[in-house]
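Colleague: Give me a model of this one.
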Amino acid sequence: MAVLVVLLSFLVAGVLGDEFSILRSPGSVVFRDGNWPIPGERIPDVAALSMGFSVKEDLSWPGLAVGNLFHRPRATVMVTVKGVDKLALPPGSVISYPLENAVPFSLDSVANSIHSLFSEETPVVLQLAPSEERVYMVGKANSVFEDLSVTLRQLRNRLFQENSVLSSLPLNSLSRNNEVDLLFLSELQVLHDISSLLSRHKHLAKDHSPDLYSLELAGLDEIGKRYGEDSEQFRDASKILVDALQKFADDMYNLYSGNAVVELVTVRSFDTSLARKTRTILEAKQAERKDLCLRQHGRLDKPKNFLTTTEHLEIVDKK
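Modeller: Numbers count the residues shown, from 1 in each chain. Predicted coordinates:
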């Protein structure tokens, strides 16, 4: 019976095909190359352990080996791409593992560890989901990313500025006149702007406090829904996204002098019932929370929603 359960788990992972990939990592963090499935709910624990933090429950996953305990990474960058189970990443350049039980997750526990252990220093914590206008900034992130576009209107306006990615990306079948295409392109703009803004504050990438970036991209998912996954637009968007992710990974890795872990989660869909509840509750709560959040952060000119994924789940549970 136990053998059957194990076999079924591997079959499910193979059918779903969702992946957890390591795009870049320093020598102090050792990821083994192998086909070991990782449960979606344990992704935050992988991030925590790779940064040298403890977790509540032991992780018996062979993919992460014991690294150099005296040299923790200066940053962890986690990018989640929704709407596709895997991307055509260059072979040999990344390590990928099957992702099973793709439930929504957040890195709030990692952020809390950073806050508690490095409260007297200047960690950067940025969690962002552009398509949902959901952002959470703590510490020096507030000053570094003050000008980062986070609302849909800001993202659209940013795309049509002179120095936007539109001037360099090969759009091919994508159109700058289509809202779905613009959402996808605006997420690429966010990736570019994060590394660009951080490059102006390089000293923050060289201090002793670890930084955390968590980005959730849904633009490719919307492209697939609009045109279909067999469409030319979806194929072009997937290739553009792979190139953008590779460049973003290189930029962030180099800004931290090779001492950053850059991870990618590709998931066709999370738990849909939970996702729908979260969205509905988020919309209901947004109006009453927005003014309070903006007053607390002094950002009345840039509406932001400061709810994190964990807070979404807590609201769902209370309902």
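Colleague: Am I right that S54 is in a strand?
Modeller: No: counting by DSSP: H, G, I helix; E, B strand; the rest coil, S54 is located in no strand; its state is coil.
Colleague: quick one: the strands in the stretch 151-300 of the chain?
Modeller: 211-217, 260-267 (DSSP state E, counting those that start in this stretch).
Colleague: all helices of the stretch 151-300 of the chain, in order?
Modeller: Remark: helices assigned in the stretch 151-300 of the chain by DSSP state H, counting those that start in this stretch are 152-159, 179-199, 219-227, 232-255, 272-297.
Colleague: Could you say which one of those comes nearest to A102?
Modeller: Minimum separation from A102 across the helices of the stretch 151-300 of the chain (CB to CB) falls at helix 272-297, 10.7 Å. For the C-beta atoms, the positions are set from N, CA and C on the backbone; glycine is no exception.
Colleague: For A48, give its distance to V180.
Modeller: 35 Å (CB to CB, to the nearest Å).
Colleague: Between those two, tell me which one has more neighbours.
Modeller: Set A48 next to V180 and count neighbours by other CB atoms under 10 Å: A48 wins out with 22 against 18.
Colleague: What is the burial count for N177?
Modeller: 7.
Colleague: Please list all residues in contact with it.
Modeller: Contact analysis of N177 by CB atoms under 8 Å, 6 or more residues apart in numbering lists nothing.
Colleague: any idea how far it lies from V84?
Modeller: Taking CB to CB, one finds N177 at 24 Å from V84.
Colleague: Okay, now the unreliable bits of the stretch 201-319 of the chain?
Modeller: Regions of the stretch 201-319 of the chain meeting the criterion pLDDT under 70 cover residues 271-319.
Colleague: distance of the residue lying closest to L241 once chain neighbours are set aside from G139?
Modeller: Nearest residue to L241 in three dimensions, chain neighbours excluded: L220, at 5.8 Å (CB to CB, 6 or more residues apart in numbering). Using CB to CB, we find L220 at a distance of 30 Å from G139.
Colleague: what does A249 give?
Modeller: For A249, the distance to G139 - CB to CB - is 23 Å.
Colleague: what do you get for R74?
Modeller: In terms of CB to CB, R74 sits 14 Å off from G139.
Colleague: got it, and Q161?
Modeller: 27 Å.
Colleague: Who has more neighbours out of those two?
Modeller: Taking other CB under 10 Å, Q161 and G139 do not tie; G139 has more neighbours (22 against 11).
Colleague: What does the pLDDT read for the more buried one?
Modeller: What the model reports as pLDDT for G139 is 79.
Colleague: what sits opposite it in the beta ladder?
Modeller: For G139, the beta-bridge partners under DSSP bridges are V124.
Colleague: My guess is it contacts E120. True?
Modeller: No: with contacts counted by CB atoms under 8 Å, G139 stays clear of E120, the gap being 11.2 Å.
Colleague: quick one: contacts for L174?
Modeller: 181, 184-185, 233, 236-237, 240.
Colleague: Quick check on it: phi, psi?
Modeller: phi -80, psi 150 (degrees, to the nearest 10).
Colleague: give me the number of residues near the residue nearest to it when sequence neighbours are not counted?
Modeller: Take L174 and drop its neighbours on the chain: the residue closest to it by CB to CB, 6+ apart is D181, 4.6 Å away. Applying other CB under 10 Å, we find 22 residues neighbouring D181.
Colleague: Which pLDDT value does the model give D181?
Modeller: pLDDT at D181 comes out at 98.
Colleague: wait, it sits on S231?
Modeller: No: contact criterion CB under 8 Å: D181 and S231 do not qualify, at 11.7 Å.
Colleague: and L204, what is it in contact with?
Modeller: Contacts of L204 (CB under 8 Å, 6+ apart): 122, 124, 140, 144, 198, 211.
Colleague: I'd like these laid out as a markdown table, including neighbour count and distance to F31.
Modeller: Shown next, in a markdown table, are the contacts of L204 (neighbours: other CB atoms under 10 Å; distance: CB to CB, whole Å):
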| residue | neighbour count | distance to F31 |
| --- | --- | --- |
| T122 | 17 | 28 |
| V124 | 26 | 23 |
| K140 | 20 | 28 |
| V144 | 20 | 28 |
| L198 | 23 | 24 |
| D211 | 28 | 20 |
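Colleague: Looking at those, which is nearest G40?
Modeller: Once CB to CB is applied, the member of the contacts of L204 that ends up nearest G40 is D211, at 23.6 Å.
Colleague: Return the residues in contact with the closest one.
Modeller: If a contact means CB under 8 Å, 6+ apart, then D211 has 74-76, 114, 123-125, 204-205, 256 as its contacts.
Colleague: can you check H208 too?
Modeller: 118, 121.
Colleague: could you measure it against P26, distance?
Modeller: In terms of CB to CB, H208 sits 15 Å off from P26.
Colleague: Could you dump the strands of the stretch 151-300 of the chain into TSV with distance to L64 added?
Modeller: Below are those laid out as TSV (distance: least, CB to CB, whole Å):
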stretch	distance to L64
strand 211-217	17
strand 260-267	10
